[in-house]
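Novice: Okay, predicted coordinates and the sequence, questions at the end:
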Amino acid sequence: MTQYAVMGDPISHSKSPQIHSLFAEQTGEDMHYDKFQIAAADFSAEVAGFFERGGGGLNVTVPHKEAAFALADYPSPRASLARAANTLGRDPEGGIWADNTDGVGLVRDLTDNHQLSLSGKHILMLGAGGAARGVLAELIHCAPASITIMNRTLSRAEELRTDLAAQGVMHVRAMNEPGGPRYDLVINGTSASLKNEGLQLDAALFAANFVAYDMMYGAEETDFMSWATAAGAGASLDGLGMLVEQAAESFALWRGKRPETQRVIDQIRQSL
Ligand code: NDP
């Protein structure tokens, strides 16, 4: 039986073991998936030890995604663009490869699960941290009319735009800055909901029936989703589908099989 795991700090909340167990059951793969709380100072040694013991692959979550990218011998192009990795594996010669499946996870959730077309849409990304960095290139590849990043710290958004400039044009605006297009889709990639700090967005920024997507998820609607509904959103979605889709992409990279995700999303939602 091959061992897999997720490493993070904190990690107790992680749904990844449940998700991957459901994938393994569904596809008949002989694997076991754990979660390990690992301090930043121990991360590199723990990764090396895991693979030396024959581990098949790792997922990596906050705060280790940048360290995971840095230690890889073979980072994928999408991990290199994000300068962060959420998936590690070992190649036959013993080197460690790294990938970032967050962007494809978000786009699959939006386009496959929620049947949204991103082409020709005006997209607003809130936040310029690791989550935003991991998904923007994938969003650009969906040919939207525009992508605008708004972030509390403007310089961080500007840095992100510069780093991803070769992928396509992105705009940067201060929070609630008027004058841009009316946004069709707004993605909350900030950690404001985690800290119960409302974003206080101006509803005038958005097109009629806009779609709001919160990368956060939970048993209850997030504050951002409730705000969006009150502001006239046509749909207000959470990030559980993204979580399951990024896991499915990791699973496919490790095992060469793509699990069916909708049933797993439903099962995990019932367990929240
Ligand atoms: P980071 O710490 O890297 O970035 C946090 C971002 O949130 C920054 O842009 C920060 O702005 C902004 N922010 C924090 N507090 C506030 C506030 N009160 N008002 C406005 N902006 C604020 O975090 P990550 O990017 O790694 O994660 C962001 C969110 O995405 C988390 O909630 C995480 O759980 C979620 N996520 C979900 C995934 C999924 O699969 N569903 C995958 C990955 C992440 P500033 O630069 O000014 O500090």
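Specialist: Looks like it came in fine.

Novice: which SS state does residue 44 fall under?
Specialist: Recorded secondary structure, residue 44: helix (DSSP: H, G, I helix; E, B strand; the rest coil).

Novice: Just give me the neighbour total for it.
Specialist: Applying other Cβ atoms under 10 Å, we find 15 other residues in the vicinity of residue 44. Quick note: C-beta positions are derived from backbone N, CA and C, even for glycine.

Novice: pLDDT score for it?
Specialist: Per-residue pLDDT puts residue 44 at 98.

Novice: can you list contacts of stretch 176-183?
Specialist: With contact meaning Cβ atoms under 8 Å, 6 or more residues apart in numbering, stretch 176-183 is reached by 122-124, 145-146, 148, 150, 171, 173, 200-202, 204-207, 210.

Novice: Sorry, slip of the keys, the one I care about is stretch 110-117.
Specialist: For stretch 110-117, contacts defined as Cβ under 8 Å, 6+ apart pick out 118, 142, 185, 211, 213, 235, 237, 241, 245, 261-262, 265.

Novice: For the buried ones among the contacts of stretch 176-183, write the corresponding ChimeraX selection.
Specialist: Buried residues among the contacts of stretch 176-183 (16 or more other Cβ atoms under 10 Å), as a ChimeraX selection:
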select :122,123,124,146,148,150,173,201,205,206,207,210
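
Novice: Tell me the buried residues within the contacts of stretch 110-117.
Specialist: Burial by neighbour count, judged by 16+ other Cβ under 10 Å, picks out 118, 142, 185, 211, 213, 237, 241, 245, 261, 265 from those.

Novice: surely the third one meets residue 120?
Specialist: In other words, residue 185. No: the criterion here is Cβ atoms under 8 Å, and residue 185 misses it with residue 120 at 11.1 Å.

Novice: shared neighbours of those two, anything?
Specialist: Common contact partners of residue 185 and residue 120 (Cβ under 8 Å, 6+ apart): residue 144.

Novice: Point out the residues in the stretch 101-250 of the chain that sit beside the ligand.
Specialist: Contact residues (Cβ under 6 Å from any ligand atom) of the stretch 101-250 of the chain with the ligand: 102, 105, 127-132, 151-153, 156, 189-192, 194-195, 197, 199, 215-216, 239, 242-243, 246.

Novice: how about the nearest residue to residue 131, chain neighbours excluded?
Specialist: residue 189 (4.3 Å; Cβ to Cβ, 6 or more residues apart in numbering).

Novice: Dihedrals phi and psi, the one you found?
Specialist: phi -110, psi 20 (degrees, to the nearest 10).

Novice: Report how many residues lie close to it.
Specialist: 25.

Novice: Model confidence at residue 195, what's the number?
Specialist: Per the predicted model, pLDDT is 69 at residue 195.

Novice: mind checking the SS state of residue 134?
Specialist: Relying on three-state DSSP, one would call residue 134 helix.

Novice: Name all residues that make contact with it.
Specialist: 65, 82, 84, 86, 100, 102-103.

Novice: who touches stretch 59-69?
Specialist: So stretch 59-69 is contacted by 4-9, 11, 14, 16, 38, 40, 43-44, 47, 58, 75, 79-80, 82-88, 98, 100, 130, 134, 247, 250 (Cβ under 8 Å, 6+ apart).
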